[in-house]
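Asker: coords please:
(one chain, ligands or ions: 2)
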Amino acid sequence: MRYYLTNCRVATMGTGTPYGLIDDAAVAVRDEHIAWVGPAADRNPQPDERPVDLHTRLVTPGLIDCHTHLVYAGNRADEWALRLKGASYEEIARRGGGIVSTVGATRQADHEQLLATTRARLELLLAEGVTTVEVKSGYGLDLETELRMLRVARELGEAPDVDVVATFLGAHALPPEYKDRREAYVRLLIDTVLPAVAAEGLADAVDAYCEGVAFTADEVRTLFESAQTRQLPLRLHAEQLSNCGGAAMAASMGALSCDHLEYLDDAGVSAMSAAGTVAVLVPGAWYYLRETRKPPVDALRAGDVPMAVSTDHNPGTSPVLSILAAMNMACVLFELNPEEALRGATLHAARALGLDDRGAVEPGKLADLAVWDVQSPAELSYSLGHNPCRQVFKRGIPRSALTA
Ligand code: DI6
Ligand code: FE
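Answerer: Ligands and ions are numbered 1, 2, ... in the order given. Presented below is the predicted three-dimensional model:
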């Protein structure tokens with residue numbers, strides 16, 4: 001398969017110009033990969049290349065949502081209504097609501113139910129030019145249901161229109177049956193669940209929730225050591241509601257990303273900077289929880305910590321199914337600029353997933369591309385509720401051909 005896209009602008013996400021923008025550009029695609037990109041005037045199309053006219057539209061890398069909890073049953077609209085009346089997320093969690101209520105619903109749902117509801121949610125992300133999605137477990141919290149969630153994630157990833165990165169998040173919350181037996185639950189994860197997940201090849205990484213309402217940095221470290229003996233990369237929900245020192249611990253272990261980070265301190269920024277750990281910002285959770293403390297974006301910039309932006313889609317704190325909305329919120333709420341927001345949902349999101357084969361329009365990268373009906377890339381994070389995505393190429397194949 002060989003073709004070249006013409007009559008377009010390309011936000012390559014390279015450095016040098018804002019967005020790595022090239023006007024009057026052409027992109028040559030060969031099979032799954034980008035073969036060439038640059039000013040159209042600089043290239044003589046090969047005789048066997050078919051031109052595809054994009055009518056001056058903007059091409060970006062396919063978007064990457066690098067932090068989602070997409071697999072679960074039920075929803076938490078009732079809890080949300082309580083929170084609107086003043087109950088806090090932590091209070092609800094301590095009363096046995098919160099994550100644990102989604103765990104109850106998810107344990108009761110079978111594979112097919114989870115697959116159908118999750119694919120429906122995934123479709124909404126894909127419609128906005130998303131070509132790679134990370135999906136976590138963490139609403140099973142027992143062997144059987146954690147495996148089921150990850151099998152659903154794996155099956156979703158078999159579809160030709162998206163790549164799914166599966167993350168094991170068994171350390172998301174303490175399941176009710178282990179209340180007051182924290183150590184035993186962490187042992188269960190290390191001795192039983194993680195080995196089973198690894199044996200079936202169900203996870204690409206291991207995540208944990210390091211927080212007052214969840215797990216301590218020491219508990220997480222023990223789990224992470226076990227993950228590392230299995231060559232599984234690490235990521236961490238860190239410093240969301242308080243500072244527990246999780247980010248510094250995870251970065252010192254070489255974690256790919258630390259996510260949330262509202263309470264990240266200077267030591268955490270330095271550790272992430274030294275380790276090259278990506279900061280994944282999830283403004284949807286911040287918005288829904290009506291938080292006031294923002295992640296230290298200036299310090300992250302000063303420390304050259306790459307910032308990614310994600311929906312953190314989950315039924316409790318971020319029922320957001322729009323990466324464009326997350327990018328908008330990153331700008332409005334966290335003061336990223338629109339270029340940082342797009343980098344955060346492309347190049348830096350790829351890096352957060354440990355993927356260097358995507359996230360930029362560059363020769364050799366996967367031909368995962370989104371085509372937008374906009375004049376300037378800033379429009380992608382400008383509007384809320386408007387989806388200007390007109391076409392998607394996944395591994396070189398136009399999505400219309402994949403889903404036809
Ligand atoms: N942080 C969050 O914001 C979500 N998980 C996490 O570790 C919340 C998940 C939920 O409330 O269901
Ligand atoms: Fe999360």
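
Asker: can you classify residue 125 as helix, strand or coil?
Answerer: At residue 125, secondary structure determined by DSSP: H, G, I helix; E, B strand; the rest coil is helix.

Asker: and it, what does it touch?
Answerer: Counting by CB atoms under 8 Å, 6 or more residues apart in numbering, residue 125 makes contact with 65, 68, 133, 311, 313, 321, 322, 323. C-betas here are computed from N, CA, C, even on glycine.

Asker: against ligand 1, how distant is the fifth one?
Answerer: I take that to be residue 313. 10 Å (CB to the nearest ligand atom, to the nearest Å).

Asker: I'd say that residue and residue 70 touch.
Answerer: Yes: with contact defined as CB atoms under 8 Å, residue 313 counts as touching residue 70 (5.7 Å).

Asker: more crowded one of those two?
Answerer: Ranked by neighbour count (other CB atoms under 10 Å), residue 313 and residue 70 place residue 313 first, with 29 against 25.

Asker: how much space between the more buried one and residue 56?
Answerer: According to CB to CB, to the nearest Å, residue 313 stands 33 Å off from residue 56.

Asker: hang on, the earlier thing: any common contacting residues for residue 313 and residue 70?
Answerer: residue 121.

Asker: what's the nearest residue to the residue in the stretch 51-200 of the chain positioned nearest to ligand 1 if we skip its chain neighbours?
Answerer: At 4.3 Å from ligand 1, residue 99 is the closest residue in the stretch 51-200 of the chain, using CB to the nearest ligand atom. Leaving aside its sequence neighbours, residue 99 sits nearest to residue 173 (CB to CB, 6 or more residues apart in numbering; 4.1 Å).

Asker: secondary structure element for the one you found?
Answerer: Here residue 173 sits in a region with no helix or strand, counting by DSSP states H and E.

Asker: got the contact list for it?
Answerer: Residues near residue 173 by CB under 8 Å, 6+ apart: 93, 98, 99, 100, 103, 138, 141, 209, 213, 214.

Asker: before we move on, what about residue 271?
Answerer: Contacts of residue 271 by CB under 8 Å, 6+ apart are 247, 248, 251, 252, 277.

Asker: turn those into a markdown table, columns for secondary structure and neighbour count.
Answerer: Formatted as a markdown table, the contacts of residue 271 follow (DSSP: H, G, I helix; E, B strand; the rest coil; neighbours: other CB atoms under 10 Å):
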| residue | secondary structure | neighbour count |
| --- | --- | --- |
| 247 | helix | 32 |
| 248 | helix | 25 |
| 251 | helix | 26 |
| 252 | helix | 14 |
| 277 | coil | 29 |
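
Asker: looking at the residues you listed, which is nearest ligand 1?
Answerer: Of all the contacts of residue 271, residue 247 has the smallest distance to ligand 1: 13.8 Å, by CB to the nearest ligand atom.

Asker: quick one: that closest one and residue 235 touch, right?
Answerer: No: using CB under 8 Å, residue 247 is not in contact with residue 235, being 11.0 Å away.

Asker: need the overlap of contacts for the two.
Answerer: Common neighbours of residue 247 and residue 235, using CB under 8 Å, 6+ apart, are residue 258.

Asker: just want the residue of this structure that's nearest ligand 1.
Answerer: At 2.2 Å from ligand 1, residue 316 is the closest residue in the chain, using CB to the nearest ligand atom.

Asker: thanks a lot, see you next time.
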